[in-house]
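Trainee: Any chance you could fold what I've pasted below:
(one chain, ligands or ions: 1)
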Amino acid sequence: MSTQAKTRVAVIGAQGRMGQLACACIEQTADLELATRIVREDDIGTCLRESSCEVALDLTRAGLGASHGRVILESGVRAVIGTSGLQPNELRDLKAQAEEGQLGCLVVPNFSLGITIQQLCSRLALGFLQPQGCGDVQVSLEEQHHLEKIDSPSSTSLRTAALLEADGAPAISIRSERLEGVLANQTVAFKWGAETLRLSHQISSREAFGPGILLALNHVQTLNGFELGLDSAFGARMSEEGAWGRFCPAP
Ligand SMILES: NC(=O)c1ccc[n+]([C@@H]2O[C@H](COP(=O)([O-])OP(=O)(O)OC[C@H]3O[C@@H](n4cnc5c(N)ncnc54)[C@H](OP(=O)(O)O)[C@@H]3O)[C@@H](O)[C@H]2O)c1
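Mentor: Below is the predicted model of the structure:
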């Protein structure tokens, strides 16, 4: 029998749809232990301290991620924020707090591994198109989500656009729809000359987020500061396995 210590994880928003999924994933993972399930009526700081947890995962209501992240870091606990809707100034504040405390803080607008691959492939496509004289390439984003999603455009589409704009794409328009019968779809479209390339991703069940939640809980334990997105966690894994090196030109 293994004597290796398990990492104790608190889930904030444990009764929500994502929270329940996260709790189930943690309970099924050998090196993690569900330290506490925190609900709306609880005082987060007190629960974190009393549970002696090492990592806290926030999956609450859009708009609460920044204040919850602040409390988690103030409690000396590593933070994974999956809650949507963090604003740029809130991300900056969390980054400063994590760096000052030398404590891992990972904000993940989307736990889906497919979305991370879509973002990487989109950046790769842009990187190939720009030097090919396709300087007038137009990039646009479409996202559809379920009717209960509060934030619009989605944090994921804003993050995808920001990554591509940082790579030199012209200002990207985002079309957002909230529809019945849809969970989460995102398409990145590149138009140049007489060609259109569309990279589409669909999620049909929240179970899609499970592997990314576990990857984030694992990765945050290696951080002594702030990261946004799973790119680094995923990129490191891809290069270890050789896939990124096989498909990408040398940096
Ligand atoms: N990063 C990703 O990949 C990803 C994927 C899907 C969703 N999300 C985001 O994750 C969040 C949760 O989504 P969901 O679908 O699980 O929503 P949900 O089903 O509405 O669950 C949210 C839960 O948070 C609880 N809550 C609200 N305020 C709280 C507080 N101050 N302290 C503790 N718990 C609190 C709610 O309790 P009450 O019902 O009592 O208010 C509810 O149980 C949303 O922001 C959503 O946009 C992220």
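Trainee: Give me the neighbour count for the closest residue to the ligand within the stretch 1-150 of the chain.
Mentor: Per C-beta to the nearest ligand atom, the residue of the stretch 1-150 of the chain with the smallest distance to the ligand is G16, at 2.0 Å. The C-beta positions use only the backbone N, C-alpha and C, and glycine is treated the same way. If you count neighbours by other C-beta atoms under 10 Å, G16 ends up with 17.
Trainee: list the contacts for it?
Mentor: 59-60 (C-beta atoms under 8 Å, 6 or more residues apart in numbering).
Trainee: where does the stretch 51-200 of the chain come near the ligand, residue by residue?
Mentor: Residues of the stretch 51-200 of the chain that fall close to the ligand, judged by C-beta under 6 Å from any ligand atom: 59-62, 64, 82-84, 108-111.
Trainee: next one: phi and psi at T83?
Mentor: phi -60, psi 140 (degrees, to the nearest 10).
Trainee: quick one, strands of the stretch 51-200 of the chain?
Mentor: 55-58, 78-81, 105-107, 138-145, 173-178, 184-192, 195-203 (DSSP state E, counting those that start in this stretch).
Trainee: among those, which is nearest A24?
Mentor: Nearest to A24 among the strands of the stretch 51-200 of the chain is strand 55-58; the distance by C-beta to C-beta comes to 12.7 Å.
Trainee: Give me the buried subset of the residues of the stretch 51-200 of the chain next to the ligand.
Mentor: 59-60, 64, 82-84, 108-111 (16 or more other C-beta atoms under 10 Å).
Trainee: and those residues as CSV, adding distance to R49?
Mentor: Converted to CSV, these look like this (distance: C-beta to C-beta, whole Å):
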residue, distance to R49
L59, 20
T60, 19
L64, 19
G82, 22
T83, 21
S84, 27
V108, 24
P109, 28
N110, 30
F111, 27
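Trainee: In CSV: the residues you listed, plus pLDDT.
Mentor: CSV is the format used below for these (pLDDT from 0 to 100):
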residue, pLDDT
L59, 98
T60, 98
L64, 97
G82, 97
T83, 95
S84, 90
V108, 94
P109, 89
N110, 91
F111, 95
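Trainee: Low-confidence ranges, the stretch 51-200 of the chain, go.
Mentor: Applying pLDDT under 70 to the stretch 51-200 of the chain flags the ranges 131-135.
Trainee: any idea how the protein splits into domains?
Mentor: Domain assignment for the chain by automatic domain parsing gives 7-107+207-240, 113-204.
Trainee: Measure how far the last one is from the centre of its chain, please.
Mentor: In this view, domain 113-204 has its centroid 15 Å away from the chain centroid, taken as C-alpha atoms, centre = their mean, to the nearest Å.
Trainee: mind checking the end-to-end distance for it?
Mentor: 14 Å (C-alpha to C-alpha, to the nearest Å).
Trainee: Then stretch 167-186?
Mentor: Across its full length, stretch 167-186 reaches 19 Å between end residues, using C-alpha to C-alpha.
Trainee: Pull the number of nearby residues for whichever residue of the stretch 151-251 of the chain sits closest to the ligand.
Mentor: Nearest residue of the stretch 151-251 of the chain to the ligand, counting by C-beta to the nearest ligand atom: F209, 5.0 Å away. Other residues near F209 come to 25 when the count uses other C-beta under 10 Å.
Trainee: Also G193?
Mentor: G193 has 9 nearby residues by other C-beta under 10 Å.
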